[in-house]
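J.: Here's a sequence, model it:
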Amino acid sequence: MNSLTATNAQPQVNNLRRGELLAMLSLIMALMAMAIDLMLSAFDDMRATFGLDPTSNEIAGVVTVFFMGFAVAQFVYGPLTDRFGRKRVLGVSIAIYIVGAIASALAPSLGLLFIARFVWGIGAAGSRVVATAVIRDLFEGAEMAKAMSHIMAVFIMVPVIAPALGAGIIAFLPWQSVFWACALWSIAMWLWSRRLPETLPVDQRRKLDRADISDSYRTFFTTRPTLWYSVSSIFMQSVFTMYLASSELIVSEIFGHRSWFPFVFGVTAIGFGVASLVNGQAVQRFGVRAVLNKMLVALNGCAALLVIISIAGNGQPSFWVFMPALGLMLSAFMFIMPNMNAEAMQPVPHIAGTVSALSGGFRMLGGSILGGLVAARIDVSVTPFAIAALVFAALSWASAYVAQAE
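T.: Now for the predicted structure:
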């Protein structure tokens, strides 16, 4: 444990106070969100540029291929952060992020855009792995869950602001400008991150050899809570990917409120932020696992309600009934994901980077595939979305149950 601990109300790591540290890590993690949320309002312009039908959800591939790159890269970043430390890996990943953003802005075809987005996802993965590993270096138990909740509360402000900001940018500039904005943002974050000290001491770094990596992977797969909470998070991510990939189509085409999309997306994200802040207090009062279990029940209840609303409305229910129910279901995620991550990493602090990478990699890869498959089939009805959300929520609950079995 480094000098930042729960015993100090205003702890520091070198010259960084807790507030600045958590804000920095939040915005480093938000590099991923910026790469997705800033461009959502540009989907119509992308369809026009690449000759797609206005109701086509093929453009959702720019989300799913990004998640795939994000997923597979984490398997590499994990061992690298445990071997070379957090800061060096962060610098390399931001450089790849910049290349991916610029290549996306210059892509002349949809296929090349997908390739560039995959590279972009590879770069974004490092920011997530490093930020999570730094938190595990410095916190544990309920304090780690609380820190993750505070990070998520700041992180979630990006989805609140980004779609409207993206809409403002493309109102005056070509849609590719949102990708250039991401490149500039990542440069600013790299400059700020130079204040972040290395949190993994040299004497705690692991060797980068086959035996050591195999041992780390074996530990991951044989530690029941770590493995099964990671499996549970795959189904959680499937719902979230499905939402990100189809939300613009649902609001704009199925409900016919195209101009409302940035506002609707932002209001939903505000619910995420509020839930994150409440979760930070709840875990300290009731414990991480108690909050997690209660909210898994609530999530499944909300998903079931969403199915009832969708079927009763023949796939096109009232906007004012469906969207609040969807927002309530999604807000439950902010009580679940930080706590699930904390429970998964708690037993294995000595391989925090590798576990962060494996857990995050499997979550993003599985979630992007499952969520992407459903999103591609959403056209004129929200019923497929609601049914898939209930199935994924139930599987997540079942996996968490296995994680806690004695």
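J.: and residue 68, what does it touch?
T.: Contact analysis of residue 68 by CB atoms under 8 Å, 6 or more residues apart in numbering lists 118, 121, 364, 365, 368, 369. C-beta: built from backbone N, CA, C; applies to glycine.
J.: What ranges does the stretch 301-406 of the chain have for its helices?
T.: All helices of the stretch 301-406 of the chain, identified by DSSP state H, counting those that start in this stretch, fall at 319-331, 333-345, 352-375, 383-404.
J.: Columns mean neighbour count and mean pLDDT on top of those, output as TSV?
T.: Output for the helices of the stretch 301-406 of the chain, formatted as TSV (neighbours: other CB atoms under 10 Å; pLDDT from 0 to 100):
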stretch	mean neighbour count	mean pLDDT
helix 319-331	19	92
helix 333-345	26	84
helix 352-375	25	81
helix 383-404	20	95
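J.: Quick one: closest of those helices to residue 293.
T.: Closest approach to residue 293 among the helices of the stretch 301-406 of the chain (CB to CB): helix 383-404, 7.4 Å.
J.: excluding its backbone neighbours, what's nearest residue 31?
T.: Leaving aside its chain neighbours, residue 31 sits nearest to residue 127 (4.7 Å; criterion: CB to CB, 6 or more residues apart in numbering).
J.: okay but residue 377 is in contact with residue 384, surely?
T.: Yes - contact status for residue 377 versus residue 384: in contact at 5.6 Å, counting by CB atoms under 8 Å.
J.: residue contacts, residue 101?
T.: Counted by CB under 8 Å, 6+ apart, residue 101 has contacts 35, 120, 179, 180, 182, 183, 186.
J.: and the third one, what does it touch?
T.: Contacts were defined as CB under 8 Å, 6+ apart; by that measure residue 179 touches 39, 101, 102, 104, 105.
J.: Take the residues you listed and keep only those in helices.
T.: Those of the contacts of residue 179 mapping onto helices are 101, 102, 104, 105, per DSSP state H.
J.: among those, who's most crowded?
T.: residue 101 (29 neighbours; other CB atoms under 10 Å).
J.: The closest residue in space to that one that isn't next to it in sequence: neighbour count?
T.: Excluding the flanking residues, the one nearest residue 101 by CB to CB, 6+ apart is residue 183, at 4.1 Å. Using other CB under 10 Å, residue 183 has 18 neighbouring residues.
J.: Just name the closest of the contacts of residue 101 to residue 299, please.
T.: For the contacts of residue 101, the residue nearest residue 299 by CB to CB is residue 35; the value is 26.2 Å.
J.: Can you report how many residues neighbour the closest one?
T.: For residue 35, using other CB under 10 Å, the count is 29.
J.: Which helix or which strand is home to it?
T.: helix 18-37 (DSSP states H and E).
J.: Show the contacting residues for residue 45.
T.: Counted by CB under 8 Å, 6+ apart, residue 45 has contacts 170, 174, 175.
J.: Correct me if wrong: residue 96 contacts residue 122.
T.: Yes - the criterion here is CB under 8 Å, and residue 96 meets it with residue 122 at 5.6 Å.
J.: Neighbour count: those two, which is higher?
T.: A direct count of neighbours by other CB under 10 Å for residue 96 and residue 122 places residue 122 higher, at 24 against 20.
J.: In terms of helices and strands, where is the more buried one?
T.: helix 110-138.
J.: Which elements pack onto that helix?
T.: Here helix 110-138 touches helix 18-37, helix 61-84, helix 86-106, helix 141-155, helix 333-345, helix 352-375, going by 3 or more CB pairs under 8 Å, 6 or more residues apart in numbering; DSSP states H and E.
J.: Name the residues of it that come out as buried.
T.: For helix 110-138, burial by neighbour count (16 or more other CB atoms under 10 Å) applies to 110, 113-138.
J.: Stretch 255-274 now?
T.: 255, 261, 262, 264, 265, 266, 268, 269, 271, 272, 273.
J.: residues contacting residue 147?
T.: 22, 135, 138, 139.
J.: and the last one, how many neighbours?
T.: The burial metric for residue 139, expressed as a neighbour count using other CB under 10 Å, is 21.
J.: gap between it and residue 243?
T.: Distance of residue 139 to residue 243, computed by CB to CB, to the nearest Å: 29 Å.
J.: where in the protein is pLDDT low?
T.: Under the criterion pLDDT under 70, the flagged ranges of the chain are 1-15, 141, 153-156, 352-353, 406.
J.: about what we covered before: distance from the helix or strand just after the helix holding residue 35 to the middle of the chain?
T.: The first helix or strand that comes after helix 18-37 along the chain, using DSSP H and E, is helix 43-49. Centre-to-centre, helix 43-49 and its host chain are 25 Å apart (CA atoms, centre = their mean, to the nearest Å).
J.: Could you do stretch 296-316 as well?
T.: 23 Å.
J.: now swap in stretch 170-187 and tell me
T.: Distance of stretch 170-187 from the chain centroid (CA atoms, centre = their mean) equals 21 Å.
J.: ok, and for it, which residues are buried?
T.: 170, 175, 176, 177, 178, 179, 180, 181, 182, 183, 185, 186.
J.: would you turn these into CSV with distance to residue 326 and secondary structure?
T.: Below are the buried residues of stretch 170-187 laid out as CSV (distance: CB to CB, whole Å; DSSP: H, G, I helix; E, B strand; the rest coil):
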residue, distance to residue 326, secondary structure
170, 25, helix
175, 26, coil
176, 30, coil
177, 30, helix
178, 25, helix
179, 28, helix
180, 32, helix
181, 28, helix
182, 27, helix
183, 32, helix
185, 28, helix
186, 31, helix
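J.: Quickly name whichever of the residues you listed is closest to residue 89.
T.: The closest of the buried residues of stretch 170-187, once distances to residue 89 are taken by CB to CB, is residue 186, at 14.9 Å.
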